[in-house]
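>>> the sequence isn't on hand, but the structure is:
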């Protein structure tokens, strides 16, 4: 028994929400890396950090990985809906939650360590 059209549309909306989240993480990484470059170019009294570029690039990569994982999840849910064997999984939710908590802690440490 294949999933109803509304189920497939909900799956697509969920995928798009994950993509928006990935894009936001990518944008945050870009801002972190480029703002550090701006501070360095303006000669901001040593406020620039060598870790900011690495952290920004890491966020960009994490955002890109999230978009790929969202696509894989969307395809998996679609197949499960088509086969009538859909079982909800929260693995991606936990992965993103743990990753974002780690990002938050790392940003907090960075902010506390820089003047």
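Noted; the coordinates are in hand. Keep in mind it's a predicted model, so treat the numbers as computed, not measured.

>>> how about residue 85, phi and psi?
Torsion angles at residue 85 (phi, psi; degrees, to the nearest 10) stand at phi -120, psi 40.

>>> and the pLDDT at it?
Here, the pLDDT recorded for residue 85 equals 84.

>>> what are the buried residues along stretch 62-79?
62, 63, 66, 67, 69, 70, 73, 74, 77, 78 (16 or more other C-beta atoms under 10 Å). Just so you know, the C-beta spots here come from the backbone N, C-alpha and C atoms, and that holds for glycine as well.

>>> so which of those comes closest to residue 109?
residue 62 (17.0 Å; C-beta to C-beta).

>>> got the contact list for the closest one?
Residues near residue 62 by C-beta atoms under 8 Å, 6 or more residues apart in numbering: 25, 29, 99, 103.

>>> quick check: the last one touching residue 61?
When you say that, I think you mean residue 103. No - under the criterion of C-beta atoms under 8 Å, residue 103 makes no contact with residue 61, lying 12.0 Å away.

>>> those two: which is more packed in?
residue 103 (17 against 13; other C-beta atoms under 10 Å).

>>> next secondary structure after the biggest helix by length in the chain?
Ordering each helix of the chain by length in residues (DSSP state H) puts helix 5-41 first. Next along the chain after helix 5-41, taking DSSP states H and E as the criterion, comes helix 50-83.

>>> for the helix or strand just after that next one, packing partners?
Moving toward the C-terminus from helix 50-83, the next helix or strand (DSSP H and E) is helix 91-113. Identification of packing neighbours for helix 91-113 by 3 or more C-beta pairs under 8 Å, 6 or more residues apart in numbering; DSSP states H and E yields helix 50-83.
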